[in-house]
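Colleague: Sequence first, predicted coordinates after that:
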Amino acid sequence: MSHCRRCVVALALLLVSLPALALPSFAEVRAAHKPSDAWLLARNGTPLATLRIDRSVRRLPWVRLRDISPALRRAVLVSEDKRFLEHAGVDWQAAVAGAWGNLWNEKTRGASTLSMQLVGLLDAETRRKGRRSLLEKLDQTATALRLERSWTKDQILEAYLNLVPFRGELEGVAAMSRGLFGKWPEGLDEQEAALAAALLRAPNAKPELVARRACGLLKEMQREALCRDLDAIAAVTLGSVLHRADQTPQLAPHLALKLLTQPGQRVKSTLDAELQAFAGETLRRHLGALEKRNAEDGAVLVADNATGEILAWIGSSGELSEAAEVDGVTALRQAGSTLKPFLYGMAFERRDLTAASLIEDAPLTLATGNGLYAPQNYEPDYRGWVSARAALAGSLNVPAVKTLVRVGADEFQQRLRRFGFDSLTERGDWYGYSLALGSADVSLLMLANAYRALANEGRWTGLRATPDGKGAPCRAEACGAFAGSPHRALSAQASFLVGDILAYRAARAGTFGLESWLATPYWSAAKTGTSKDMRDNWCAGFSRRYTVAVWVGNASGAAMHDVSGISGAAPVWREVMDWLHRGDAAGRGRVNSSAPAAPPGLVARTIRFEAAANHGAEPPRREWFLAGTERSVVRAAAAKSLARISYPAEGTVIALDPDIPPGRQRLPLQLSAKGEAGWQWRIDGKPIGRADRDSRWLPLPGKHRLALVDAGNSELDAVAFEVRALRGRR
């Protein structure tokens with residue numbers, strides 16, 4: 001034994017003369033510690049979401065020694081280094097015992113102190129290789145001696161507990177405690193501490209072995225009674241299912257995925273934590289009510305009109321969705337009628353229309369390169385002559401298409417691009433007349449900022465998701481809401497007219513009623529939209545201070561069952577908008593929203609509508625006009641102006657079916673409105689019957705001209721069409 005002591009003394013003298021490994025300071029080690037996750041914070045610093053960046057390890061933020069359970073500290077010292085507080089980096093007594101045991105081939109616990117283990121943890125190369133050579137072990141021992149001279153005992157223990165691997169991917173006391181026990185390290189009890197300390201020697205040992213070693217530690221600490229049920233606790237704790245190590249609520253996972261890129265990041269966003277939670281819960285609650293109508297997904301975006309700061313970003317319905325990872329805020333979908341305000345605004349600005357201009361809402365058929373286009377209203381009936389105000393507020397489709405014909409599809413597409421709809425990459429003719437009804441794919445993000453531009457008198461500016469505005473959280477071609485310099489998308493006068501119409505309860509009453517989800521007790525302007533086959537529905541609108549946009553649908557693209565913008569998205573829009581304005585008892589102030597003042601260049605007039613004897617008119621009202629376009633009387637057209645040939649349409653090609661007898665293929669001749677007495681149909685100049693009743697014509701092969709004539713033999717309308725002969729017959 002005395003011989004071994006002399007060997008140890010000689011070894012100590014040798015260690016002092018060895019060139020030790022580089023030794024960082026405690027402050028440097030703590031500063032270099034990077035959690036595997038990154039955190040998205042609300043504007044007030046509240047954590048909103050966490051994102052795992054480093055997939056090779058699970059590491060949480062550094063934990064101070066005083067925030068670690070005394071039971072764990074004691075168990076670790078008993079397990080790994082009993083004389084930690086007495087030695088200077090090397091436990092010579094343990095070293096002698098270890099050397100003696102090796103001499104007699106006896107199994108010993110080992111002589112590696114916490115200081116020596118910490119040196120190994122700090123040496124990345126050593127950690128990578130796992131096993132160390134004799135010279136490397138000597139270097140490590142020499143560095144441990146130096147470590148003890150420059151670090152305090154508390155610093156060594158704190159660093160060790162934050163760096164040591166415990167089990168699987170769990171590294172450090174925080175990840176271990178959260179992952180295995182579902183609590184922070186300060187809350188570990190003696191049984192949990194013993195199990196954790198027992199993992200240090202064999203992190204991936206079977207639960208029963210860990211429990212046996214933990215019981216041994218408890219016996220050493222005179223706590224043998226705690227060994228009871230330790231096997232069961234170990235089996236549950238070390239099972240295959242771990243607790244989620246970080247318990248940050250996932251309130252904004254989609255924005256987190258876009259903004260967080262580096263381990264340990266803590267990015268402050270512009271989101272309001274309370275609003276984010278409320279908007280998400282409101283969306284899920286309303287979607288729950290629509291479950292039987294095949295609606296499971298949704299998204300919400302809220303922005304501050306003045307600053308462009310995004311206050312809420314709800315990308316999906318979470319657990320209600322089968323594709324919760326899809327971000328409905330940036331996904332491209334058909335916009336439906338939510339594009340109509342920009343169309344009418346453009347027509348107002350160009351003076352093609354005034355808010356009082358009359359547009360005929362009647363069946364319409366337009367020839368296109370792909371055939372005939374026949375837009376239909378959401379409701380099956382037509383209203384005849386309506387003002388532009390009523391057409392926009394009531395979301396009538398035929399007047400919108402006629403307005404697009406007036407302004408031009410290319411011009412409208414270019415104007416939408418100025419509003420930030422960068423997804424519209426094709427020329428207007430490619431989208432065709434359906435562009436007026438929202439056939440183009442846009443994102444909720446683009447839509448929200450475009451409506452925000454209307455709220456800001458037609459001035460477009462980019463949104464911000466972070467206080468400094470850096471790092472747009474999506475690709476430019478899929479967003480169109482962040483990139484670009486401020487510019488005017490629409491005149492202040494036209495923007496005011498659009499906002500005034502969308503806020504005018506009486507104008508939309510014919511479609512939505514006076515009391516709907518859009519009728520707020522404060523000033524707001526809103527528009528709903530529903531895409532083809534009810535695959536998407538939207539509600540976007542603004543008050544004086546906020547813009548709120550909502551999408552409801554299915555990430556898969558599946559159609560909903562009888563869910564429109566007013567029943568799907570509008571209730572969520574209204575609840576979020578109300579929350580923003582009403583304030584609460586906790587100190588969030590009430591926000592007023594009064595009607596904006598008209599900008600210079602607009603004049604108000606009291607107008608009345610004159611109607612034909614057999615056609616109704618809108619009631620008198622106070623109306624806004626661009627200076628120079630004002631009038632006091634608006635005359636409706638005569639009823640016969642509504643009667644146009646609706647079928648067959650211009651350019652129709654009719655192919656007779658060879659399997660159906662010709663007598664059963666009579667062609668129905670239809671008008672867009674009821675015909676008057678004395679009206680007649682003429683085919684190729686020959687009378688074929690009265691036009692004020694149902695008429696069917698036996699078609700003859702060839703090209704034909706169908707005309708509608710009145711009682712005075714004046715032609716009211718005419719179309720050309722073709723009937724193709726039956727195959728194999730003449």
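Modeller: Received it, and whenever you're ready, just let me know what you need.

Colleague: Show the contacting residues for residue 310.
Modeller: Contacts for residue 310 (CB atoms under 8 Å, 6 or more residues apart in numbering) come out as 269, 270, 271, 301, 302, 303, 463, 464, 465. No exception for glycine: its C-beta is placed from N, CA and C like everyone else's.

Colleague: Kindly apply the preceding question to residue 327 instead.
Modeller: The neighbourhood of residue 327, defined by CB under 8 Å, 6+ apart, consists of 254, 257, 258, 299, 315, 316.

Colleague: Pull up the per-residue confidence for it.
Modeller: Residue 327 carries a pLDDT value of 94.

Colleague: Ok, the one 5 residues further on next?
Modeller: The confidence metric pLDDT takes the value 94 at residue 332.

Colleague: tell me the contacts of it?
Modeller: 423, 441, 442, 443, 478.

Colleague: Kindly report the same for residue 437.
Modeller: By CB under 8 Å, 6+ apart, residue 437 lies in contact with 336, 337, 339, 340, 375, 397, 400, 401.

Colleague: Which of the contacts of residue 327 lies at the shortest distance from residue 483?
Modeller: residue 258 (14.3 Å; CB to CB).

Colleague: could you dump the contacts of residue 332 to CSV with distance to residue 357 and pLDDT?
Modeller: CSV is the format used below for those (distance: CB to CB, whole Å; pLDDT from 0 to 100):
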residue, distance to residue 357, pLDDT
423, 30, 93
441, 30, 94
442, 27, 95
443, 32, 95
478, 36, 65
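
Colleague: can you pick the most crowded of the residues you listed?
Modeller: The most crowded member of those, judged by other CB atoms under 10 Å, is residue 443 (29 neighbours).

Colleague: Provide a list of residues in contact with the closest residue to that residue other than its chain neighbours.
Modeller: With sequence-adjacent residues excluded and distances taken as CB to CB, 6 or more residues apart in numbering, residue 443 is closest to residue 330, at 5.1 Å. Shown in contact with residue 330 (CB under 8 Å, 6+ apart): 254, 315, 443, 444, 445, 474, 478, 479.

Colleague: So which of those residues wins on neighbours?
Modeller: residue 444 leads the contacts of residue 330 on contacts (other CB under 10 Å) with 31 neighbours.

Colleague: quick one, phi psi at it?
Modeller: With angles defined as degrees, to the nearest 10, residue 444 sits at phi -60, psi -30.

Colleague: Likewise for the one 10 residues further on?
Modeller: When quoted as degrees, to the nearest 10, the phi and psi of residue 454 stand at phi -60, psi -40.

Colleague: same check, this time on residue 670
Modeller: The phi/psi pair for residue 670 (degrees, to the nearest 10) is phi -130, psi 150.

Colleague: Surely it touches residue 647?
Modeller: Yes. At 4.2 Å, residue 670 counts as touching residue 647 under the criterion of CB atoms under 8 Å.

Colleague: quick one, which of these two is more surrounded?
Modeller: Higher neighbour count among residue 670 and residue 647: residue 647, with 18 against 15, using other CB under 10 Å.

Colleague: Quick one, grab the pLDDT at that one.
Modeller: 80.

Colleague: Wait, it touches residue 654, no?
Modeller: No. Counting by CB under 8 Å, residue 647 does not reach residue 654; the two are 10.3 Å apart.

Colleague: in the stretch 301-450 of the chain, which ranges drop under the pLDDT threshold?
Modeller: Residue ranges of the stretch 301-450 of the chain with pLDDT under 70: 367-372, 378-380.

Colleague: residue boundaries of the strands in it?
Modeller: Secondary structure of the stretch 301-450 of the chain (DSSP state E, counting those that start in this stretch): strands at 310-314, 333-334, 358-361, 366-368, 371-373, 384-387, 441-442.

Colleague: Give me the contacts around the last one.
Modeller: For strand 441-442, contacts defined as CB under 8 Å, 6+ apart pick out 332, 333, 334, 335, 339, 421, 423, 424.
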